[in-house]
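Undergrad: Fold the stuff below for me.
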Amino acid sequence: MGLWLLAARACASVSCDDSECEQPDATGLVQVTQKTRAKANEAEPTNPDFGPNVIVLEPGAASSAIEDRLQSLYEQYISWDEDAQFGNHRTAILLKPGEHQVDVNLWYYSGVHGLGVSPEDVVVKPGLRGEGVRVEQQPPSYPGGPLLPNTNTFWRTIENVHVAQGKLDFFVSQAAPLRSVKVDGNLHLSAGGSDWTSGGALMNSDVSGNIVTGTQQQWYTRGTLMRPYDHPAGQGSYACISCVDRESGLPFYDSWNFEQHQPDQTWHSGLTYMGAPEVFAEKPYIFFHEGQYKLRIPEVLQNHAGPDWQSGSTVGFEKVFVTKAETTAAQINTAIAAGKHIVFTPAVYYLDEPIVVNHPNTVLLGLGFATLIPKKLPIFIGRGVIEVGNVDGVRLAGVFVQAGPMDSPDFSKAVGALVRWGKPEEPYAGTKSNPGFIYDFIARVGGPDHEPSGVGNMLEIHNGWVIGDNLWLWKADHCVSNSGALCIPQRYVNHCLVVNAENVHMYGLMAEHANDDIVVWNGEKDVLAQRRADNVSLKDLLLSERVQVHTGRGQQAMDVAKSATCRELPRQCRRSRSCSVWNLRSRAGTVGGR
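TA: Okay, here's the model as predicted:
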């Protein structure tokens, strides 16, 4: 039938008491009876209970009932209105290995995840409606649709599947990764014309056709077999890191073009290609094999270009703690201390203490945009919602952390950080052979709140050898209906990112809005590639005057720190201590732009 433990569907059609049947969840799905839940718990850990917001589909043609249910979820949660864009609904659709004929037009906080060892193990073709998997243009009749149809198309993902449907439409704007996908035909990133889209990411993938960027304002691609971008970017940049040219089979050579553009390309003027990272490992993921769920942790590779679908170690679910919506931080911390990895199922988690990771090589993997929010409690003052200690090999993947209540801009009484990696008072150099990784990370301050919210900093990195891959750090510039575009009550955050360590590499960093400098970078020997930021009046990037070696590629609205002296800047920038440049590269204390 398709839905996991779909016996509950039959149960939903007849009268039953609470001991026999669960009521529909927030999305209207009836998936698990008390009896089948008990059986699932008995079968754990190899067959875990992923909870009511996970839909698992068997291979084959999806039934009309499943198609109708998925379409209903789309219609309920696609518009810009408060319940859809800022609601607490979260959904993950897991596809078991094999060929699927199914139509999924993704809505807010939803994702499609293949359960194969590689993307080639899960093939997706169009279902009864002939549409397949996609993110389409916002319907004009829906709130927000007539204005800018896809500039708010956030929080959705497609991962680890082979999209065999002729083309893939993925009209998104931030926090919307395409990861480990094989695409037959073209990949379209906007509908063209007036359908502006505003950012996204493609990683570890293989696209046989063209990547049609259209009106997409900025885009980050890494580790992908592809054809070149069709034209440079507009109010930002397109960046391609560690990608391989389909025609030649060779990695793209380092290059950047921030000057040439044509009028019919809507001011497009930014394009960067960059070589393979010095060290990198792909994002962990869940797969299903021989009747059991397992966790794959890809290995660390050096100077590897193109996708990596094969490497890594396998962990059985007896070593994985699967959360429920009611799981507490104390339970999570106990599991971590016992050496278990964590899978956050789709839900909004209100935490009463920080999640602390002091065990090396721990994986924290989120499904369906699982969201962590700190309660207003003294224990959080000055601390991180997630705290990673001085340990190597921790991987934070697909986790969404949101600021909690904050009465005033007095940061001495605030949560210190949404994620604090390392101890500010105890620097740790990290290990090149076993770095920490942050994948598909979302930090949000404001948006759904009906009261003031805030945090000191969104992300702090105090350890060396931490590598980021697709991050969106966002102080909301539009909020729920009680506040509108002005976002009142207020949102408070000092900085989106603070780096206080050497050898920190950020690929695909999107950071927007802050009360002070958006990014403060105090590290040496660091890499910042494809960075998007905007702020109306404050400085963008603050590079400490002590930084001597820093490489930046594909930056939008990059400002040189006020600590830099005028003589260090290129001639066209000497008129100001704050100089906007499209590309920044610092060597031996000099800062230049191209």
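
Undergrad: Leu250 reaches Val244, doesn't it?
TA: Yes: the pair Leu250 / Val244 is scored as a contact, 6.8 Å apart, by CB atoms under 8 Å. To be clear about C-beta, it is placed using only N, CA and C from the backbone, and glycine gets the same treatment.

Undergrad: The two: who's more crowded?
TA: Just comparing Leu250 and Val244: by other CB atoms under 10 Å the higher neighbour count belongs to Val244, 20 against 10.

Undergrad: got a list of what the more buried one touches?
TA: 224-226, 250-252, 305-306 (CB atoms under 8 Å, 6 or more residues apart in numbering).

Undergrad: if you set the cut-off to 7 Å instead, what comes out?
TA: 225, 250-251, 305-306 (CB atoms under 7 Å, 6 or more residues apart in numbering).

Undergrad: got it, and Thr215?
TA: Contacts for Thr215 (CB under 7 Å, 6+ apart) come out as 190, 192, 195-197, 266.

Undergrad: Met203 against Gly223, yeah?
TA: Yes: under the criterion of CB atoms under 7 Å, Met203 is in contact with Gly223, at a separation of 5.8 Å.

Undergrad: Tell me the bridge partners for Phe280.
TA: Here Phe280 sits in beta bridges with Leu301, going by DSSP bridges.

Undergrad: and the contacts of Thr215 as CSV, adding secondary structure?
TA: CSV is the format used below for the contacts of Thr215 (DSSP: H, G, I helix; E, B strand; the rest coil):
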residue, secondary structure
Ser190, coil
Gly192, strand
Asp195, strand
Trp196, coil
Thr197, strand
Thr266, coil
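
Undergrad: I'd like to know which of these are buried.
TA: Buried by 16 or more other CB atoms under 10 Å: 190, 195-197, 266, out of these.

Undergrad: The residue nearest the centre of the chain: what's it in contact with?
TA: What sits nearest the mean C-alpha location of the chain, by CA atoms, centre = their mean, is Asp440, with 2.6 Å. With contacts defined as CB under 7 Å, 6+ apart, Asp440 is in contact with 177, 283, 397-398, 470.

Undergrad: And stretch 313-322, what's buried?
TA: For stretch 313-322, a neighbour-count test (16+ other CB under 10 Å) marks 315, 317, 320-322 as buried.

Undergrad: May I see those arranged in CSV, with pLDDT, distance to Pro435 and secondary structure as well?
TA: Shown next, in CSV, are those (pLDDT from 0 to 100; distance: CB to CB, whole Å; DSSP: H, G, I helix; E, B strand; the rest coil):
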residue, pLDDT, distance to Pro435, secondary structure
Val315, 96, 19, strand
Phe317, 96, 25, helix
Val320, 97, 22, strand
Phe321, 97, 23, strand
Val322, 97, 26, strand
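
Undergrad: For Ser180, give me its contacts.
TA: By CB under 7 Å, 6+ apart, the contact set of Ser180 is 119, 159-160, 204-205, 309.

Undergrad: how about the nearest residue to Thr314, chain neighbours excluded?
TA: With sequence-adjacent residues excluded and distances taken as CB to CB, 6 or more residues apart in numbering, Thr314 is closest to Lys294, at 5.2 Å.

Undergrad: Check the burial of the one you found by counting its neighbours.
TA: Other residues near Lys294 come to 19 when the count uses other CB under 10 Å.

Undergrad: from what I can see it touches Tyr285, true?
TA: No: assessed by CB under 7 Å, Lys294 is found out of contact with Tyr285, at 9.8 Å.

Undergrad: Among the contacts of Asp440, which one sits closest to Asn522?
TA: The closest of the contacts of Asp440 to Asn522 turns out to be Asn470 (CB to CB; 22.9 Å).

Undergrad: Contacts only, for the closest one.
TA: Asn470 touches 177, 201, 203, 220, 439-440, 508, counting by CB under 7 Å, 6+ apart.

Undergrad: Show me the contacts of Asp440 that map onto strands.
TA: Here DSSP state E is the test, and the contacts of Asp440 give 177, 397, 470 as lying in strands.

Undergrad: Regarding the spatially closest residue to the second one that is not a sequence neighbour, which helix or strand does it belong to?
TA: When the adjacent residues along the chain are set aside, Ala397 lies closest to Tyr439, with 4.2 Å between them (CB to CB, 6+ apart). Element membership for Tyr439, per DSSP states H and E: strand 436-445.

Undergrad: how about the next helix or strand after that strand as CSV, C-alpha atoms only?
TA: Helices and strands here follow DSSP H and E; after strand 436-445, the next one along the chain is strand 453-461. Provided in CSV are the C-alpha atoms of strand 453-461 (Å, rounded to 0.1, in the frame of the first residue of the first chain):
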residue,chain,number,x,y,z
SER,A,453,13.0,36.2,20.3
GLY,A,454,16.8,36.2,20.1
VAL,A,455,20.2,34.7,20.7
GLY,A,456,23.8,36.0,21.1
ASN,A,457,25.1,34.4,18.0
MET,A,458,23.7,31.8,15.7
LEU,A,459,26.8,29.7,15.1
GLU,A,460,30.1,29.9,16.9
ILE,A,461,33.1,27.8,15.9
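
Undergrad: What residues of strand 453-461 count as buried?
TA: Quick answer for strand 453-461 (16+ other CB under 10 Å): 453-461.

Undergrad: packing partners for that strand?
TA: strand 417-421, strand 436-445, strand 491-499 (3 or more CB pairs under 7 Å, 6 or more residues apart in numbering; DSSP states H and E).

Undergrad: Swap in 10 Å and give it another go.
TA: Helices and strands touching strand 453-461, as assessed by 3 or more CB pairs under 10 Å, 6 or more residues apart in numbering; DSSP states H and E, comprise strand 384-388, strand 400-402, strand 417-421, strand 436-445, strand 466-475, strand 491-499, strand 504-512, strand 519-521.

Undergrad: Report the separation between Gly454 and Pro424.
TA: Counting by CB to CB, to the nearest Å, the separation of Gly454 from Pro424 is 19 Å.

Undergrad: Counting neighbours, what do you get for Phe252?
TA: Using other CB under 10 Å, Phe252 is surrounded by 20 other residues.

Undergrad: which residues does the residue lying closest to it once chain neighbours are set aside bridge with?
TA: What sits nearest to Phe252 in space, not counting adjacent residues and going by CB to CB, 6+ apart, is Tyr273, at 4.2 Å. Beta-bridge partners for Tyr273, by DSSP bridges, are Cys240, Ser255.

Undergrad: Just give the number of residues close to Tyr273.
TA: With neighbours defined by other CB under 10 Å, the count for Tyr273 comes to 23.

Undergrad: Isn't it up against Asp254?
TA: Yes: with contact defined as CB atoms under 10 Å, Tyr273 counts as touching Asp254 (6.2 Å).

Undergrad: Show me how far stretch 398-406 is from its chain's centre.
TA: Distance, stretch centre to chain centre, for stretch 398-406: 14 Å (CA atoms, centre = their mean, to the nearest Å).

Undergrad: start to end distance for it?
TA: End-to-end distance for stretch 398-406: 25 Å, by CA to CA, to the nearest Å.

Undergrad: tell me what the helix ranked longest in the chain is packed against?
TA: The helix that spans the most residues within the chain, counting by DSSP state H, is helix 64-76. Under the contact criterion of 3+ CB pairs under 10 Å, 6+ apart, helix 64-76 touches helix 7-12, strand 54-57, helix 82-85, strand 91-95, strand 104-105, strand 110-114.

Undergrad: Is the closest residue to Gly398 other than its chain neighbours bridged to anything, and to what?
TA: Distances taken as CB to CB, 6+ apart put Gly366 closest to Gly398, at 3.9 Å, once the chain neighbours are dropped. According to DSSP bridges, the partner residues bridging Gly366 are Phe344.
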